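In: Can you look at this prediction? I've put the sequence above it.
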Amino acid sequence: MRILFVGINYAPDLIGVAKYNTELCESLVAEGHEVRVVTAPPYYPVWKIPTDFKTAYFRRRLIDEVRVTRTPIYVPEHPSGAKRLLHHASFALTSIVPILAEASFWRPDIVLSVAPSLMSGALVSTIARRIKATSWLHVQDFEVDAAFELGLLRSSSLRKMMLKAEAAILRSFDRVSTISPQMIERLWDKGLAPERTAEVRNWIDTQAIFPRSKQTRYRQELGLNQREVVALYSGTMSNKQGLDLVIEAAASLEASHPHIHFVLAGEGPHKPRLIQMASGRRTIHFLGLQPNESFNELMATADLHLIPQKSEAADLVLPSKLGAIFASGRPVIAMAGERTGLAAEVKGAGLVVAPGDVRALAAAICKLSEDRALCENLGEKGRERSIERWDRQTIVRRWAGDMEATRVSVSNGDVKPSPAKEKTAIPVEDVVSTL
């Protein structure tokens with residue numbers, strides 16, 4: 001198949017959605033498909049474009065057999081709710097020309113858009129219909145829900161307008177996928193028919209991430225021995241992660257459990273505030289974003305992993321880092337509601353505590369730090385789960401097969417726009433005026 005991929009995040013960014021976008025495209029090429037990408041320059045999670053990428057806009061580059069075209073975007077230094085809207089709107093606008101060019105002259109079979117950014121999806125589905133290609137939207141994050149439920153945006157009238165636009169964009173695609181069963185149910189709640197949806201979870205390379213000795217160079221650099229317990233968070237440091245809860249838990253345990261150390265590895269707009277909160281705490285350590293070749297060693301450094309999460313973000317996203325945690329053979333403590341997708345995924349391979357409950361988080365950390373047998377048992381279950389549910393090659397091959405089947409169904413007329421979809425199809429000129 002010829003697959004045109006449109007997404008705001010791509011390599012060389014190392015974490016978040018960029019990792020999965022890149023690995024998907026490279027894996028599809030390895031399976032024999034042709035893939036072209038329209039994306040933005042790298043900027044995440046530090047929210048800053050490297051100098052080398054500021055002069056290479058609209059130039060095509062071959063990266064691991066994938067032809068990549070980058071468009072200029074607005075990247076706010078301090079990403080507030082309103083600035084994030086402008087950020088995504090800028091990509092939707094600047095990506096119009098390369099998307100139109102690829103669609104008109106290359107004629108892809110599948111046009112695949114990834115949210116974020118949902119704004120560019122309106123154009124993608126419109127162009128796909130015009131060239132009789134199959135349109136597929138993959139939702140990594142419910143951007144609108146997250147923005148309002150986390151307080152980044154507050155206007156009720158704006159929320160109503162954005163939800164209406166979101167529903168129109170979702171219905172305009174032939175197929176919409178997302179990364180967990182609970183997020184699939186949210187798509188149904190937004191008006192999508194079950195037969196138009198699919199679950200495609202994020203994956204992990206279980207051959208690259210595997211259990212190994214915890215006595216790593218990271219412990220040596222931090223001055224930690226094998227007897228000291230390391231609770232690790234690795235990933236983006238933004239507001240929605242709730243990392244301030246980890247700092248509070250560490251502070252509460254420092255006097256009574258001085259052998260428990262907290263390592264926070266990554267970058268993000270919230271990191272300076274976290275460092276300020278942790279000032280003077282000898283059991284809290286910060287690391288920068290680590291390269292891929294050191295990631296397995298970083299994961300092995302931990303005795304246990306932490307996934308803090310604010311209650312407002314429950315089931316808006318299933319953290320992609322969970323697959324790597326399971327593959328590393330270490331237990332995880334996740335903050336999640338009892339009936340959320342995250343809680344269901346962690347059960348049996350870690351401990352679940354209520355979102356926002358610092359005392360419960362501290363108690364769970366103490367429990368695992370004192371029970372080596374429990375840690376080993378949960379870690380083994382997690383490793384088994386990573387192979388069963390999160391293996392990269394298996395998931396990508398299944399997805400490619402589903403794309404092909406959907407393409408055949410669309411070409412045969414088996415997948416037809418519903419009346420609602422016809423009414424809400426968004427012409428290009430309307431997309432531009434809306435943005």
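Out: Cool, got the structure. Numbering: from 1, shown residues only.

In: Ile179: what's its closest spatial neighbour, skipping adjacent residues?
Out: The shortest distance from Ile179 to any non-neighbouring residue, by C-beta to C-beta, 6 or more residues apart in numbering, is to Arg201 (4.9 Å). Using the backbone N, CA and C atoms, a C-beta is placed for each residue, glycine as well.

In: Touching, that neighbour and Ser180? I think so.
Out: Yes: using C-beta atoms under 8 Å, Arg201 is in contact with Ser180, at 6.5 Å.

In: And the pLDDT at the residue nearest to Ile179?
Out: The pLDDT attached to Arg201 in the predicted structure is 89.

In: That one: what's it in contact with?
Out: 179-180, 318, 323, 389-390, 395 (C-beta atoms under 8 Å, 6 or more residues apart in numbering).

In: so where's the chain uncertain?
Out: Low-confidence regions of the chain, defined here as pLDDT under 70, cover residues 311-317, 414-435.

In: Show me what counts as buried in the longest helix seen in the chain.
Out: Counting by DSSP state H, the longest helix found in the chain is helix 392-411. Along helix 392-411, these residues count as buried under the neighbour rule (16 or more other C-beta atoms under 10 Å): 392, 395-396, 399-400, 403, 406-407, 410.

In: do stretch 6-20 as well
Out: 6-11, 13-20.

In: Confirm that Pro79 sits in a strand.
Out: No: Pro79 sits outside any strand when classified using DSSP: H, G, I helix; E, B strand; the rest coil, being coil.

In: Angles on the backbone of it, please.
Out: The main-chain torsion angles of Pro79 are listed as degrees, to the nearest 10 and equal phi -80, psi 90.

In: In contact with it, which residues?
Out: 47, 87, 269.

In: contacting residues for the second one?
Out: Contacts for His87 (C-beta under 8 Å, 6+ apart) come out as 73-76, 79.

In: for the residues you listed, which one is nearest Asn292?
Out: Using C-beta to C-beta, Val75 is the member of those that lies nearest Asn292, at 22.9 Å.

In: burial of the closest one, as a residue count?
Out: With neighbours defined by other C-beta atoms under 10 Å, the count for Val75 comes to 20.

In: correct me, but it touches Pro50?
Out: No: taking contacts as C-beta under 8 Å, Val75 lies outside contact range of Pro50: 10.9 Å.

In: Can you give me the neighbour number for Cys34?
Out: For residue 34 the amino acid is Glu, not Cys. Neighbour count of Glu34, defined by other C-beta under 10 Å: 16.

In: what pairs with it across the strands?
Out: Arg2 (DSSP bridges).
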